[in-house]
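[1] next comes the sequence, and after it the predicted model I'd like to discuss.
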Amino acid sequence: MEPDEKAKNDTTVGDHSEENGTAEVTGPDHEERDLSEHDAADPRDVDIGVNQASEAGDDVDMEVSIIGSRPAIVKLDAEVDQNGEIDQDAEIASEAGEPGGREIEVAADQRPEVDQRIEVDVEVSEDDGIIVVEIDAEVEDDVEIESDLDVEVDDDDEDSLDAEINQETETDGNVDVDVEVRDDLDAEVDVDIAALIRTALLGTIDVAENDDAADIDVDLYEKAAADGDVGVIVDLSDIDA
């Protein structure tokens with residue numbers, strides 16, 4: 001991932017999945033959490049089912065390897081800062097009056113955001129014949145998911161349905177590596193960083209209508225995760241003992 005790489009993806013109603021294996025949502029068969037259910041007044045009922053499920057996660061792995069028989073001391077200073085936040089809100093309103101018709105409005109917003117910053121500094125030096133490898137690694141992950149849902153049912157002269165789902169994912173990654181070999185040493189340092197940001201969205205609205213009732217099912221699902229693997233390999237085999 002290039003430094004300060006930023007990607008933004010806007011999608012519409014329907015299934016959304018990433019084909020690279022990092023995140024996938026293929027249908028509404030996920031864990032459902034019923035937040036609200038409302039029945040309008042008879043004789044024409046409106047059943048509204050709202051299901052919202054979100055998943056946020058992050059994972060960081062670090063590994064340091066030293067190659068060679070030369071005595072060496074490794075000093076690792078690692079700092080990992082992970083923040084996760086999920087904010088979900090559902091609001092359903094209904095006005096009962098003369099049952100001539102219904103005006104139904106369904107508006108939903110889904111906004112997963114993932115920010116990841118990885119900085120690694122490596123310094124190799126010699127102290128009284130002993131190789132000293134100092135590693136300073138910082139990983140900061142910020143994963144946030146917001147979803148809002150508004151459903152309004154009003155009396156009207158005619159039946160009407162206005163349904164809209166706004167889906168937006170935003171990812172921002174920054175990787176910075178600095179390696180310094182001092183004292184004219186022939187050490188080789190390889191820093192391997194795998195930074196992975198995954199997001200997936202699914203939003204569906206299903207409406208079943210008959211003479212006496214309308215069933216509205218709204219499903220919102222968001223997944224956002226940040227993974228970071230940091231590997232440092234220091235090769236001392238070319239340094240004379």
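    Cool, got the structure.
[2] only C-alpha atoms for contact and neighbour calcs from this point on.
    Noted.
[3] just the strands from this structure, written as ranges.
    Along the chain, counting by DSSP state E, strands occupy 5-11, 14-15, 34-39, 45-67, 72-94, 101-127, 130-156, 160-181, 188-209, 213-235.
[4] now Ile197: how far from Val218?
    Going from Ile197 to Val218 by Cα to Cα, to the nearest Å gives 27 Å.
[5] likewise Gly203?
    8 Å.
[6] ok, those two, which is more surrounded?
    Gly203 (25 against 21; other Cα atoms under 10 Å).
[7] if the more buried one is in a bridge, with which residues?
    Going by DSSP bridges, Gly203 is paired in beta bridges with Gly14, Leu220.
[8] for Asp186, what are phi and psi?
    With angles defined as degrees, to the nearest 10, Asp186 sits at phi -100, psi 30.
[9] okay, now the nearest residue to Glu55 once chain neighbours are set aside: neighbour count?
    Of all residues not flanking Glu55 in the chain, Lys223 sits nearest, at 4.8 Å (Cα to Cα, 6 or more residues apart in numbering). By other Cα under 10 Å, the residues close to Lys223 number 22.
[10] quick check, pLDDT for Lys223.
    On pLDDT, Lys223 comes in at 95.
[11] is it true that it touches Pro112?
    Yes. Assessed by Cα atoms under 8 Å, Lys223 is found in contact with Pro112 at 7.3 Å.
[12] and for the two, which residues touch both?
    Thr199 (Cα atoms under 8 Å, 6 or more residues apart in numbering).
[13] from Arg182, how far out is the nearest residue to Ser69 once chain neighbours are set aside?
    Of all residues not flanking Ser69 in the chain, Ser237 sits nearest, at 7.0 Å (Cα to Cα, 6+ apart). As judged by Cα to Cα, Ser237 and Arg182 stand 16 Å apart.
[14] same thing with Asn51?
    59 Å.
[15] please say which of the two ends up with more neighbours.
    Between Asn51 and Arg182, counting by other Cα under 10 Å, Asn51 is the more crowded of the two (20 against 12).
[16] so what's the gap between stretch 203-218 and the chain middle?
    In terms of Cα atoms, centre = their mean, to the nearest Å, the centre of stretch 203-218 is set 30 Å apart from its chain centre.
[17] actually stretch 140-160, not the one I typed
    20 Å.
[18] which positions in that stretch come out as buried?
    140-149, 151, 153-155 (16 or more other Cα atoms under 10 Å).
[19] tell me which of those residues is nearest to Ile86?
    Ile145 (4.8 Å; Cα to Cα).
[20] what is the neighbour count of the residue lying closest to that closest one once chain neighbours are set aside?
    Leaving aside its chain neighbours, Ile145 sits nearest to Pro112 (4.3 Å; criterion: Cα to Cα, 6+ apart). When neighbours are defined as other Cα under 10 Å, Pro112 has 27 of them.
[21] quick one: contacts for Pro112?
    Counted by Cα under 8 Å, 6+ apart, Pro112 has contacts Val143, Glu144, Ile145, Glu146, Glu168, Thr169, Glu170, Thr199, Glu222, Lys223, Ala224.
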